[in-house]
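# Got a predicted structure plus its sequence, pasted below:
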Amino acid sequence: MYVEKRRSGGEIKYYLVHSYREGGEVKKLRRYLGKNLSEKELVAARERAEGELKPRLDELRMQIFNFALTKNQIKKLNDYEDKIRIYRLEDINWARFTEEFVYNTNAIEGSTVRLDEVKELLKNERVPQDSDEIETKNVARAVDYIRKTEEDLSLNLIKKLHEICFESSKEFAGKLRDVEVVIRDGGGEIVHSGAPVKDLDYYLRDFVEWYTENKSNFKPLILAAIIHNQFEHIHPFQDGNGRVGRLLLNFILIRNKYPPINIALEDRQKYYSALKEYSKDNNLRPTIKYLIGQYNKTLKKVSTKNKK
C-alpha cells in the first residue's frame, strides 16, 4: 500500500492505495484519508484505512511472502497440474531415481563425480576418497530421509537435511550461515543476494509459518515450487542451498504422495533462469512450467509402471 497525494487548488487530498493485478489488468483499491493533513494526522488516518481495507484485501488475495496473489491467480497456478499425470510412489524405481538425483543435484553445484561412479559409491563398491564422493553418499542418505520421515516442514528439518548432506565434508554442516552471501552468474555478475544475516531468523520463521498456514491452498507441485523458490531466495546456509532446496522440493511432493523430480544438469540454465524470474519479479510461472517438464522427463527414466 502507498499514500497518494492529489492537489486541488490550494488543498492536498490524501488517499491510501493498494494495487493488484487481476487477469493481466492492474486494479486499485482507494480509501480517502483527508485533506491538508499533518504528519501525525496522516499516520493515524492511514492506520484506520488499513484496518478498513484488510477484510477486503483478505478476500482478494493471499500473501505469498513478499508478494500477493489473487484467488483467480492461485486457481490458474493450480490448473497447471492438469498438464501432468500423477503416478503412485510405488511405481517409482527409487534406486534409479536416487542415482539420477544424486548425480545431477551434485553436478549442478560443481561435483566431478560421474554417474557411473555415483552408482558404484551407492552400491558400496568403492570407498569415498574426497568431499565430492562423501557428499554423493550423503545426498543419497538425505533422499532416503525425506522418503521415510513423518515430520512436517520445520527449521529442524531444514537444518537436518543440510547436516546429512554435508556431514564430514563441510565444517558448517547443519548450521545457518553467519556471513552474507551473493549468487553470481557465469560472468561474475551478482544476480541475487541472500537474506541479511541479522534477518535470517525472521525469514525462516516466516517461511515455516507461511507453509503451515497456507499449504492446503495449493496443489502439491505448486506448493513445492513456492517452497523451493523462497528457500533459494533466503539462501540460509553458507553453501549447499541448492541441494537442500531441491530436497525440500521433493520432500513436499513425496509428503503429498506425488513422484519426485530430478532437475537435470543439462537443463540447469533454464532452472537458473526460472529462479531468477522469481527472485527478480516474484514470477512463479517459469518455475512451474520448468518443473512440469522435469517431472515428465524424470518419470520416463524412473517409473516402473508398465515395464513389467
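Okay, I see it.
# use CA for all of it now, contacts and neighbours both
Fine.
# So for Arg205, what's the nearest residue that isn't a sequence neighbour?
Here the nearest residue to Arg205 in space, its sequence neighbours aside, is Leu155; by CA to CA, 6 or more residues apart in numbering that works out to 7.7 Å.
# That neighbour contacts Phe207, correct?
No - in terms of CA atoms under 8 Å, Leu155 does not count as a neighbour of Phe207; the distance is 9.0 Å.
# ok so, going back, how many neighbouring residues does the residue nearest to Arg205 have?
Taking other CA atoms under 10 Å as the neighbour definition, Leu155 ends up with a count of 13.
# Would you mind measuring from it to Val17?
Distance check for Leu155 against Val17: by CA to CA, to the nearest Å, it reads 36 Å.
# now the helices for the protein?
Counting by DSSP state H, the chain has helices at residues 39-60, 71-79, 94-108, 115-122, 131-148, 155-166, 200-214, 220-234, 241-255, 268-281, 285-302.
# hey, least reliable of these by pLDDT?
Comparing the helices of the chain by mean pLDDT, the weakest confidence falls on helix 39-60, with a mean of 82.
# Pull the residues that contact that helix.
The contact list for helix 39-60, computed with CA atoms under 8 Å, 6 or more residues apart in numbering, reads 16, 31, 33-34, 70-71.
# Recalculate using a threshold of 7 Å.
Contacts of helix 39-60 from elsewhere in the structure, counted by CA atoms under 7 Å, 6 or more residues apart in numbering, are 16, 31, 33, 70-71.
# in it, what counts as buried?
Buried residues in helix 39-60, counting neighbours by 16 or more other CA atoms under 10 Å, are found at 42, 45-46, 49-50, 53, 57.
# for stretch 262-272, same thing?
Applying a neighbour-count criterion of 16+ other CA under 10 Å, one finds 262-265, 271 buried in stretch 262-272.
# before we move on, what about stretch 292-299?
Across stretch 292-299, burial judged by 16+ other CA under 10 Å covers 292, 294-296, 298-299.
# and if you look at stretch 128-141?
Buried residues in stretch 128-141 (16+ other CA under 10 Å): 132-141.
# Farthest pair within those?
Asp132 and Arg141 (14.4 Å; CA to CA).
# before we move on, the earlier item: got the buried residues of helix 39-60 as CSV, with distance to Pro196 columns?
As requested, these are arranged in CSV below (distance: CA to CA, whole Å):
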residue, distance to Pro196
Leu42, 31
Ala45, 33
Arg46, 29
Ala49, 32
Glu50, 28
Leu53, 31
Leu57, 29
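# quick check, nearest of the residues you listed to Thr98?
Proximity of these to Thr98 (CA to CA) peaks at Leu57, which lies at 43.7 Å.
# Determine the number of other residues adjacent to the spatially closest residue to Leu157 that is not a sequence neighbour.
Nearest residue to Leu157, sequence neighbours excluded (CA to CA, 6+ apart): Glu151, at 7.7 Å. When neighbours are counted by other CA under 10 Å, Glu151 registers 10.
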